[in-house]
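In: Sequence plus the predicted model coming up.
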Amino acid sequence: MSDLIAQARRLATDLLDSPTLAQRWAHVQGVGQRATELSVTVEPAERDLLVAAAWLHDIGYAPDLVATGLHSLDGAQYLRQHGFPPRLVGLVAHHTCARFEAAERGLAHQLAGFPLDDGPLMDALVTADLTVGPQGQRLDVGERIEEILRRYPLQSAVHRAIQRAAPLLVAHTRRTLDRLNHIAP
């Protein structure tokens with residue numbers, strides 16, 4: 001395990017491994033594992049970055065980090081303040097089409113201050129997040145999107161954002177799974 005992944009895993013454990021966040025922690029652990037499996041779909045030099053971002057993608061849910069209410073932005077702000085690599089910070093900031101929720105919450109300008117990586121690396125991070133459910137279980141991307149939509153009320157920013165982003169989220173996942181299917185066993 002690289003130093004970056006070990007540091008990310010320790011930080012995620014410190015922030016999310018608690019009884020009040022047990023379900024979130026189970027999800028993050030599953031996403032970390034899934035990202036490890038999907039890392040073959042990105043360039044070798046980016047694999048540690050993918051897995052580290054997977055471990056850190058939901059740290060913005062930690063009560064001490066909540067500032068704006070947009071977990072991706074809150075997590076990214078924390079990581080930036082603590083000197084994490086800008087590309088990693090950007091992946092956390094923008095994971096799973098966060099720009100849609102940022103727009104819903106009036107936070108698009110703040111999110112725009114973080115670099116957006118919209119290639120295979122982001123595809124793989126979105127896929128890891130959207131193929132792992134709340135208890136860390138594997139789900140199809142469609143099942144995961146439906147699970148999120150059921151969990152949040154129709155009028156919530158999350159529900160509206162996921163509903164609008166769904167075609168892009170599916171496209172991220174399809175591209176990653178296509179890459180995975182074209183890798184020789």
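Out: Okay, I see it.
In: after the helix or strand that R99 is a member of, next one along is what?
Out: Following DSSP states H and E, one finds R99 within helix 98-105. Downstream of helix 98-105, the next assigned helix or strand under DSSP H and E is helix 108-111.
In: So which elements touch that following helix?
Out: Using 3 or more C-beta pairs under 8 Å, 6 or more residues apart in numbering; DSSP states H and E as the contact definition, the elements that helix 108-111 packs against are helix 71-81, helix 98-105. Placement of C-beta: from N, CA and C, glycine included.
In: separation between A124 and H172?
Out: Distance, A124 to H172, by C-beta to C-beta, to the nearest Å: 8 Å.
In: Then G136?
Out: 20 Å.
In: Point out where this structure drops to low pLDDT.
Out: Along the chain, the parts satisfying pLDDT under 70 run over 184-185.
In: That one: helices as residue ranges?
Out: 3-16, 22-38, 47-56, 71-81, 86-94, 98-105, 108-111, 120-130, 141-151, 157-181 (DSSP state H).
In: among those helices, which is nearest A62?
Out: helix 3-16 (3.9 Å; C-beta to C-beta).
In: got the contact list for that closest one?
Out: 1, 24-25, 28, 32, 48-49, 51-53, 55-56, 58-59, 61-62, 64-65, 85, 88 (C-beta atoms under 8 Å, 6 or more residues apart in numbering).
In: Switch the helices of the chain over to TSV; also include mean neighbour count.
Out: Output for the helices of the chain, formatted as TSV (neighbours: other C-beta atoms under 10 Å):
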stretch	mean neighbour count
helix 3-16	18
helix 22-38	20
helix 47-56	26
helix 71-81	22
helix 86-94	23
helix 98-105	21
helix 108-111	16
helix 120-130	26
helix 141-151	16
helix 157-181	17
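In: Contacts only, for L91.
Out: Applying C-beta under 8 Å, 6+ apart, the residues near L91 are L49, L50, A53, H57, D117, L121, M122, L125.
In: Once you drop chain neighbours, what's closest to it?
Out: When the adjacent residues along the chain are set aside, L91 lies closest to A53, with 4.0 Å between them (C-beta to C-beta, 6 or more residues apart in numbering).
In: quick one: that neighbour and L88 touch, right?
Out: Yes: the criterion here is C-beta atoms under 8 Å, and A53 meets it with L88 at 5.7 Å.
In: gap between L65 and P115?
Out: 20 Å.
In: swap in A166?
Out: For A166 relative to P115 (C-beta to C-beta), the value is 24 Å.
In: before we move on, what about L88?
Out: Taking C-beta to C-beta, one finds L88 at 10 Å from P115.
In: likewise L15?
Out: Distance from L15 to P115, by C-beta to C-beta: 23 Å.
In: Ok, A8 next?
Out: A8 is 18 Å from P115, by C-beta to C-beta.
In: Q77 now?
Out: Counting by C-beta to C-beta - Q77 and P115 are separated by 14 Å.
In: excluding its backbone neighbours, what's nearest E104?
Out: A157 (3.8 Å).
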